[in-house]
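[1] Give the three-dimensional model of this entry:
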Amino acid sequence: MEFAAILLVALMVYAAVATVVAVIRDGRGHTPLERSTRAWSAGNLPSEPYASLRSLR
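    So this is what the prediction gives:
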């Protein structure tokens, strides 16, 4: 019985240490990669929606 208690305590210590290590390794979360491409632009599309142009008539 004492052996089972020692084994259970050892397993709990191992689980606690593994949890702390996992939190430290991934503490920053998942950060997105920095892109080296140009930012998206609308090109030659109008700067305001066509619906607002129709309402002026």
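
[2] C-alpha from now on. contacts and neighbour counts both.
    Noted.

[3] Count the residues that sit near residue 33.
    When neighbours are counted by other C-alpha atoms under 10 Å, residue 33 registers 6.

[4] Would you quantify the distance from it to residue 9?
    41 Å (C-alpha to C-alpha, to the nearest Å).

[5] what's the answer for residue 41, then?
    Relative to residue 9, and taking C-alpha to C-alpha, residue 41 is found at 59 Å.

[6] More neighbours: the two, which one.
    Ranked by neighbour count (other C-alpha under 10 Å), residue 41 and residue 9 place residue 9 first, with 12 against 7.

[7] Could you tell me the per-residue confidence at the more buried one?
    What the model reports as pLDDT for residue 9 is 97.

[8] Okay, now the unreliable bits of the chain?
    27-30, 46-47, 50-57 (pLDDT under 70).

[9] And the helices in it?
    Chain-ordered helices for the chain, with DSSP state H as the definition, fall at 2-25, 50-55.

[10] Can you lay out those as JSON lines showing distance to residue 37?
    Output for these, formatted as JSON lines (distance: least, C-alpha to C-alpha, whole Å):
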{"stretch": "helix 2-25", "distance to residue 37": "29"}
{"stretch": "helix 50-55", "distance to residue 37": "30"}
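
[11] and among those helices, the most buried is which?
    Stretch with highest mean neighbour count among these: helix 2-25 (a mean of 11; mean count of other C-alpha atoms under 10 Å).

[12] elements contacting it?
    Of the remaining helices and strands, none touches helix 2-25 by 3 or more C-alpha pairs under 8 Å, 6 or more residues apart in numbering; DSSP states H and E.
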